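Enquirer: sequence unknown, structure follows:
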């Protein structure tokens, strides 16, 4: 497994987790990360955009033969 694949899968895991928390775990996020939630509020649009970008990067790396 190449470093590009490892980085992609870590980013994919991060973006899926961020989307899950944004859509289903907002209350948990605010309760457990009070200071961070004030500085970085969850937004469904931005996390969805992040997931789309990661999937696009994955498609590009797959097309290039790196995954």
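Expert: Good, I have the coordinates. Model, not experiment: these values are computed from the prediction.

Enquirer: so who does residue 48 touch?
Expert: Contacts for residue 48 (C-beta atoms under 8 Å, 6 or more residues apart in numbering) come out as 19, 22. Every residue, glycine included, has its C-beta placed from N, CA and C.

Enquirer: buried ones in the helix or strand encompassing it?
Expert: Per DSSP states H and E, residue 48 falls inside helix 44-63. Across helix 44-63, burial judged by 16 or more other C-beta atoms under 10 Å covers 47, 50, 51, 54, 58, 61.

Enquirer: tell me the mean pLDDT for stretch 25-35?
Expert: Across stretch 25-35, pLDDT averages out at 88.

Enquirer: report the distance from that stretch to the chain centre.
Expert: Chain-centre distance of stretch 25-35: 17 Å, with C-alpha atoms, centre = their mean, to the nearest Å.

Enquirer: identify each buried residue in that stretch, please.
Expert: residue 29.

Enquirer: can you list contacts of it?
Expert: Here stretch 25-35 makes contact (C-beta under 8 Å, 6+ apart) with 21, 37, 42.

Enquirer: mean confidence score for the helix holding residue 48?
Expert: On average, helix 44-63 scores 94.

Enquirer: for stretch 11-22, buried residues please.
Expert: Those would be 11, 15, 18, 19, 22, for stretch 11-22 by 16+ other C-beta under 10 Å.

Enquirer: and the third one, how close does it get to residue 3?
Expert: What that stands for is residue 18. Per C-beta to C-beta, to the nearest Å, residue 18 is found 22 Å from residue 3.
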